[in-house]
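Undergrad: need a 3D model of the sequence below.
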Amino acid sequence: MNDFVGMEELLQDFLMEAGDMLSDVDSKLMELEKNPGDAALLNEVFRGFHTIKGGAGFLNASELVTLCHLTENLFDKLRNNELKLSAELMDVIFAATAEVRKMFGALQQSLQPAAAPAEVIQALKDVLSGKPIAPVSRAAAKPAAANTPPAPSAAAPGIDNVDWDALYNALTGGNDIVQEVGAVRDEKKIAEAINEEESTRKAFGRRSTDVPGTTVGRRAGDVPAAEAKETTIRVDTDRLDQVLNLSGEIGLTKNRLTHLRSDILQGHNDADTLRELDQAVSQLDMLVVSLQNAVMKTRMQPIGRLFKKYPRLARDLARSLGKDVELVLSGEETEMDKTMIEDLNDPLVHLVRNAVDHGVETIEERIAAGKSEKSFVELSARQEGDHILITISDDGKGMRPEVIRNKAVEKGLITAEVANTLDEARCLELIFLPGFSTKDEISSVSGRGVGMDVVKTNIQKLNGTVVIESEPGKGTTLSISLPLTLAILPVLVLRLADQSFAVPLSMVREILPVTQQELQQVSGKATMVVRGEVLPVLPLAQMIGWGSSENSEVGVLMQFGNNSFILTADGFVGHEDVVIKSLDTFRPKGVAGVTMSSEGDIVLILDIKELLSDVRGGH
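TA: Okay, the predicted model is just below:
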């Protein structure tokens, strides 16, 4: 049911602008907790609640208006020195902002939000009337728990059962450049005037009474607070101008090519005409590459929009655990693909919670270890070449490799023989095994491994890697390396019989000729010696379920993480930068996506990690 019939555009504008404003308010509150006397911060938070209240009034969201009005009055008293900021008062304020965010969840589903809990409303009224501040329950004081990262998808049909007609239809149906970029909205600047009428008119447009057909429907009961995935993106106008200019130049080049085509069809095949044709095609090639890069930049967003959610999360969790933790952010201006930023949220929430909950010690433990009472967790991002490096590090107790190794053996995840062959780095990687957990309170790594397998799986889905480093007594650092974008992928195209397959070029280290004389059998499995290193040989045909191939003449040295092997195929076509088409409704197992070759043939982009795990599972 839609409670905002006739107001859909106004509602979406409100959610976009006010949602960003609420995130900004959360960030300002974290700063305010460190600097309670900062008058500028108090004014900014006051104006934030004031503007959100005005926009909610246009939507007739009376419960949201009530909550924002009380919170706004509280900050009015704070900035006029009628109240003093305290830890108890901050709990009340954070409880109010958590309820505002829940109400936004209802609005995202086009439902009028229900009233805030009576406990929160009463706490605000008590503060405003000068009564002693009653403790707010932890449930009310902290935001809704973040969703657990989804588990890996269920088994999909194998490549040997691909419906090629369905794939072709999925590939050729309606994925033009406009859909790839998404709906683009210009960023508006919300006015910060104190006058409510002027401020909210500038921010959100007309009043609801000005909108034809406005109805106020039922209120939401227990509406989930999950945020809907954004389908819009904010783009700097300079970047859009660049796309427009390149489109115009491509249009001129197309006209030139059309004229040359007409000349050639009329028999003008002289050297000058052919030279002009070559120049025009070269220019078109350069312009298309420039347009691709410009379009990709429109998808790039600063990662700070994601990072700024986490200081509040860390603060609430640390307070509930009786710890003193500060989350330090750096590199917020680093840009990456918007779709990847959204998919990073759940893994990063899990890692931030782990660092605060299990990574850093209690105040008593830190004092006993000679450390400062306050713990610091740093979340940073930076660009390195064509990848983004995200790190989260703490100054806590660290992890002991031998404890992790013993716990993995105890749980039956690895054998004692395998455990004895692992170095310290490989021992730390055991926390990524499915089912690994160290909930035993005696352990120095209590609980840190819980759910880490899901985090690693989600990072791998983004073609990323996770590396862990830890020093007992000093702290732990997790580094996540991700490609800048998933929309365009450099691949190596291999051939099996007359069908082409693509593998990510980032995994390819070398292309080698393969002959039967070079293959050696070790424990019944084919291997090949490359510069003194014995590597397993895996035929591509066998990995995708096509049986064995007698014509494998090309070997590709593949490497990801600590895994290296030779992938054999009948031949290779070459290197290409391809636009990936995802298969949301139908994805064969071991297929990351599809693309089309320059000849118009369908090319499957293989998920090597998934295929390799199947091969190992089969053995």
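Undergrad: low-confidence ranges in the stretch 151-300 of the chain?
TA: By pLDDT under 70, the weakly predicted segments of the stretch 151-300 of the chain are 151-231.
Undergrad: same question for the chain.
TA: The model of the chain has pLDDT under 70 over residues 1, 134-231, 437-451, 486-487, 549-550, 561-562, 584-587, 614-619.
Undergrad: three-state assignment of the residue of the chain most remote from its centre?
TA: No residue in the chain sits farther from the centre than Gly267, which is 55.4 Å out by CA atoms, centre = their mean. Under DSSP: H, G, I helix; E, B strand; the rest coil, Gly267 falls in the coil class.
Undergrad: please tell me how far it sits from Thr273.
TA: To Thr273, Gly267 is 10 Å away according to CB to CB, to the nearest Å. Any C-beta I mention is one placed from the backbone N, CA and C, and that applies to glycine too.
Undergrad: ok, Gly547 next?
TA: 52 Å.
Undergrad: neighbour-wise, which of the two wins?
TA: Set side by side, Gly547 and Thr273 show more neighbours around Thr273, with 14 against 9, by other CB atoms under 10 Å.
Undergrad: so the more buried one sits against Ile264, correct?
TA: Yes - counting by CB atoms under 8 Å, Ile264 is a contact partner of Thr273 at 6.5 Å.
Undergrad: break the protein into its domains for me.
TA: According to automatic domain parsing, the chain comprises the domains 1-138, 237-301, 303-483, 488-618.
Undergrad: so what's the residue nearest to the spatial centre of the chain closest to, chain neighbours aside?
TA: Among the residues of the chain, the one closest to the centroid is Leu344, at 2.4 Å (CA atoms, centre = their mean). Distance criterion CB to CB, 6 or more residues apart in numbering; nearest residue to Leu344, sequence neighbours excluded, is Leu306 at 6.4 Å.
Undergrad: what are the contacting residues of stretch 522-531?
TA: With CB atoms under 8 Å, 6 or more residues apart in numbering as the contact definition, stretch 522-531 has outside contacts at 510, 512, 514, 518-521, 534-537, 555, 557, 566.
Undergrad: and of these, the nearest to Lys407?
TA: Ranked by distance to Lys407 (CB to CB), the contacts of stretch 522-531 are led by Pro536 at 28.9 Å.
Undergrad: sec struct for the closest one, please.
TA: At Pro536 the chain is in strand, as set by three-state DSSP.
Undergrad: what pairs with the helix or strand Leu478 falls within, and is each one parallel or antiparallel?
TA: Here Leu478 sits within strand 475-483, counting by DSSP states H and E. Note on strand 475-483: by DSSP bridges, its sheet partners are strand 387-394 (antiparallel), strand 465-471 (antiparallel).
Undergrad: tell me the buried residues in stretch 265-277?
TA: When burial is assessed from 16 or more other CB atoms under 10 Å, stretch 265-277 yields the following buried residues: Glu276, Leu277.
Undergrad: any idea how far apart the tips of it sit?
TA: With CA to CA, to the nearest Å applied, stretch 265-277 spans 13 Å between its terminal residues.
Undergrad: so what does Gly105 look like in phi/psi?
TA: Main-chain torsions, Gly105, degrees, to the nearest 10: phi -60, psi -40.
Undergrad: now do stretch 596-612: everything it contacts.
TA: By CB under 8 Å, 6+ apart, the residues outside stretch 596-612 that reach it are 159, 162, 164, 167-168, 171, 460, 489, 491, 493, 500-504, 507, 538, 543-544, 558, 560, 563, 565, 567, 573, 576, 578, 580, 588-595.
Undergrad: C-alpha coordinates for that stretch, CSV please?
TA: In CSV, the C-alpha atoms belonging to stretch 596-612 read as follows (Å, rounded to 0.1, in the frame of the first residue of the first chain):
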residue,chain,number,x,y,z
MET,A,596,30.0,-10.5,-26.4
SER,A,597,33.1,-10.8,-28.6
SER,A,598,33.8,-8.4,-31.5
GLU,A,599,32.4,-11.1,-33.8
GLY,A,600,29.1,-11.1,-31.9
ASP,A,601,29.6,-14.5,-30.2
ILE,A,602,28.7,-15.1,-26.5
VAL,A,603,31.7,-15.4,-24.2
LEU,A,604,31.3,-16.7,-20.7
ILE,A,605,33.4,-15.0,-18.0
LEU,A,606,34.5,-17.7,-15.7
ASP,A,607,34.6,-17.5,-11.9
ILE,A,608,37.9,-19.3,-11.5
LYS,A,609,37.7,-19.3,-7.7
GLU,A,610,34.3,-21.1,-7.7
LEU,A,611,35.4,-23.6,-10.3
LEU,A,612,38.6,-24.3,-8.4
